[in-house]
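In: need a 3D model of the following:
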Amino acid sequence: MGKPTGFIEFTRAVPSKRPVQDRVKDYKEYINPFSKEDLNHQSARCMNCGVPFCHSGCPLGNVIPDFNDAVYKQDWLEAYEILTSTNNFPEFTGRICPAPCEGACVLGINQPPVTIEEIEKHIIEIAFEKGFVKAKAPAVRTGKKVAVVGSGPAGLAAAAQLNYAGHLVTVFERDEFAGGLLRYGIPDFKLEKWVVQRRVELMKEEGVIFKCNTNVGVDVSVNDLLREHHAIVLAGGSTVPRDLNIPGRELKGVHYAMEFLKQNNKRVNGDSSPTLHTGAVVEADILATGKNVVVIGGGDTGSDCVGTSNRHGAVSITQFELLPQPPEKRTSYMPWPTFPMVLKTTTSHEEGVTRHWAVNTKAFIGDENGNLKGLRIVDLQWAATHDGRPASFTEVPGSEREIPCELVCLAMGFLHPQHKGMIEDLGIDKDERGNVKATEKKYQTSIPKVFAAGDMRRGQSLVVWAISEGRECARQVDEFLMGFSLLETKDSMLIADIY
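Out: Reported below is the predicted structural model:
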């Protein structure tokens, strides 16, 4: 612990942001770096906890007090080595993670928690600046070939770890560039794509082979993949979106959120192709410019649609959530150190949006040419369980109404991975939710040499969970191939930290 009285002397602070009127004019990241003094003060707030619950709050098991201590001492090499011992991609999690570690911070019991996420981002960016981040090609190769299908956070993490173990790793990606959700789902104003490409180039230097524009099950048969590799990791994500099958769903102007976001990300990065690999028929350009936009869904994807619509120049932006408005603070059913499901106002919300909770959309309304022109909506009254959580709803009498709208983004989450193609061709088992069924500890599917990780296995989740899944799966693949593994696991790192 760097400063025993730090949590008493300093309060929580976050970096300043670019003014709203400036940042909505481009897609650059909007958060400014900490000053050297501010970074020192924030790391000093980390206490010498008897039991640092932030470890368990983090799906990766990041050794947070240790790297905070190193930051306070300005020992950037030590901070970098501690952080990357558990996290392959802190430049991603430091930008887009909802920071469950902060929800578990012991200081958060009666004070604002330590600013862990921002400290993490500063460590890795300073490490890049100082030249600490270098390609680490393995000294010895095992000769074992592993195919990783999907280059999102789970696939990249699995590929990186398996490459460190000495295996010959090839990543298959159906899009033009590697990165998956990181490149095509998350807007540049939250994660600029040079950050993703920087890591991909580093992995190439380390020996990982990337085959983009290669859709397994279409461009490459699963039989060839099985025959040519000793193990396969499926990390294609949960890509089938939840639909809203109400009257008017076929109207022009009703889109899945990921169609809108992915096309915009490709446009921002100089690729005008509307190809989305969803099987949907998509307009050449999905733009919010000059339109009344409604985003259905209150999560992060919906928030990203809000921020993107603001940058397009929408006339109005409205966001609907089916559930009632969450509380602003912890309640009895979300006690510390669980992650609190409280009201979240994102930077995209700050840029301009009207938010409504407990609203149901009953129909899309079109004009004579088949274009969307409005929505029919109704307010809901939720009944709560004994602990205050919403249980069931009824419509509020007399609240049904129509509102103008020319663009709808359906941001209601994802159901499961795409079955047609690779999964059906493999014939592997699926669980009751339609995800690839794989054992909890071994990540192994019904085909012994085929493993699964990330959202494809566990369902829609966080980027930090995907990285954790990729790392843990890689260790199991390594054991399957070699009979043992020296790759780290979350549990082994926590035990090492204790002793």
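In: could you list the low-pLDDT ranges of the stretch 251-400 of the chain?
Out: Low-confidence regions of the stretch 251-400 of the chain, defined by pLDDT under 70, span residues 272-283.
In: which residues in it form helices?
Out: According to DSSP state H, counting those that start in this stretch, the stretch 251-400 of the chain carries its helices in the segments 257-268, 300-312, 347-350.
In: mind listing what's buried along the first one?
Out: Translated: helix 257-268. Buried positions in helix 257-268, judged by neighbour count with 16 or more other CB atoms under 10 Å: 257-268. C-beta here means a position set from N, CA and C on the backbone, and glycine is covered the same way.
In: check the shortest one too.
Out: For helix 347-350, the buried set under the neighbour-count rule, 16+ other CB under 10 Å, comprises 347-349.
In: tabulate the buried residues of helix 257-268 (JSON lines), appending distance to residue 334.
Out: Below are the buried residues of helix 257-268 laid out as JSON lines (distance: CB to CB, whole Å):
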{"residue": "257", "distance to residue 334": "26"}
{"residue": "258", "distance to residue 334": "29"}
{"residue": "259", "distance to residue 334": "33"}
{"residue": "260", "distance to residue 334": "31"}
{"residue": "261", "distance to residue 334": "29"}
{"residue": "262", "distance to residue 334": "33"}
{"residue": "263", "distance to residue 334": "36"}
{"residue": "264", "distance to residue 334": "34"}
{"residue": "265", "distance to residue 334": "33"}
{"residue": "266", "distance to residue 334": "38"}
{"residue": "267", "distance to residue 334": "39"}
{"residue": "268", "distance to residue 334": "36"}
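In: what is the burial count for the closest residue to residue 319 other than its chain neighbours?
Out: With sequence-adjacent residues excluded and distances taken as CB to CB, 6 or more residues apart in numbering, residue 319 is closest to residue 295, at 4.5 Å. Residues lying near residue 295 (other CB atoms under 10 Å) number 29.
In: thought residue 295 was touching residue 314?
Out: No. In terms of CB atoms under 8 Å, residue 295 does not count as a neighbour of residue 314; the distance is 10.2 Å.
In: please state the backbone phi and psi of the nearest residue in space to residue 29 that is not next to it in sequence?
Out: Leaving aside its chain neighbours, residue 29 sits nearest to residue 192 (5.5 Å; criterion: CB to CB, 6+ apart). With angles defined as degrees, to the nearest 10, residue 192 sits at phi -70, psi 140.
In: burial measure for residue 192, as a count.
Out: Neighbour number of residue 192 under other CB under 10 Å is 18.
In: one more: the one 4 residues further on?
Out: Here the neighbour count serves as a burial measure; for residue 196 (other CB under 10 Å) it reads 24.
In: before we move on, what SS does it have?
Out: helix (DSSP: H, G, I helix; E, B strand; the rest coil).
In: quick one, what contacts it?
Out: For residue 196, the contact set (CB atoms under 8 Å, 6 or more residues apart in numbering) comprises 92, 178-179, 182-183.
In: identify the farthest-apart pair in those.
Out: 92 and 178 (13.0 Å; CB to CB).
In: I'd guessed residue 426 sits against residue 222; true?
Out: Yes. Residue 426 lies in contact with residue 222 (CB under 8 Å); the separation is 5.1 Å.
In: just the element for residue 82, please.
Out: helix 76-84 (DSSP states H and E).
In: measure residue 344 to residue 402 for me?
Out: Between residue 344 and residue 402 the computed distance is 29 Å (CB to CB, to the nearest Å).
In: could I get the helices of the stretch 251-400 of the chain as CSV with distance to residue 65?
Out: Output for the helices of the stretch 251-400 of the chain, formatted as CSV (distance: least, CB to CB, whole Å):
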stretch, distance to residue 65
helix 257-268, 36
helix 300-312, 28
helix 347-350, 28
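In: so which of those helices comes closest to residue 438?
Out: When the helices of the stretch 251-400 of the chain are compared by CB to CB, helix 257-268 sits nearest residue 438, at 24.1 Å.
In: and that closest one, what other elements does it pack with?
Out: The contact analysis (3 or more CB pairs under 8 Å, 6 or more residues apart in numbering; DSSP states H and E) places helix 257-268 against helix 181-184, helix 300-312, strand 407-410.
In: and the angle for it with helix 300-312?
Out: Counting by axes from the mean of the first three to the mean of the last three CA atoms, to 10 degrees, helix 257-268 lies at 40 degrees to helix 300-312.
In: how about the CA coordinates for helix 257-268, as PDB?
Out: Taking C-alpha atoms only, helix 257-268 is exported to PDB below (Å, rounded to 0.1, in the frame of the first residue of the first chain):
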ATOM      1  CA  ALA A 257     -28.800  -2.000 -33.100                       C
ATOM      2  CA  MET A 258     -25.700  -4.000 -34.300                       C
ATOM      3  CA  GLU A 259     -26.700  -3.400 -38.000                       C
ATOM      4  CA  PHE A 260     -26.600   0.400 -37.300                       C
ATOM      5  CA  LEU A 261     -23.400   0.300 -35.200                       C
ATOM      6  CA  LYS A 262     -21.500  -2.100 -37.300                       C
ATOM      7  CA  GLN A 263     -22.200  -0.200 -40.500                       C
ATOM      8  CA  ASN A 264     -21.200   3.100 -38.900                       C
ATOM      9  CA  ASN A 265     -18.000   1.700 -37.500                       C
ATOM     10  CA  LYS A 266     -17.100   0.400 -41.000                       C
ATOM     11  CA  ARG A 267     -18.000   3.800 -42.500                       C
ATOM     12  CA  VAL A 268     -15.900   5.700 -39.900                       C
END
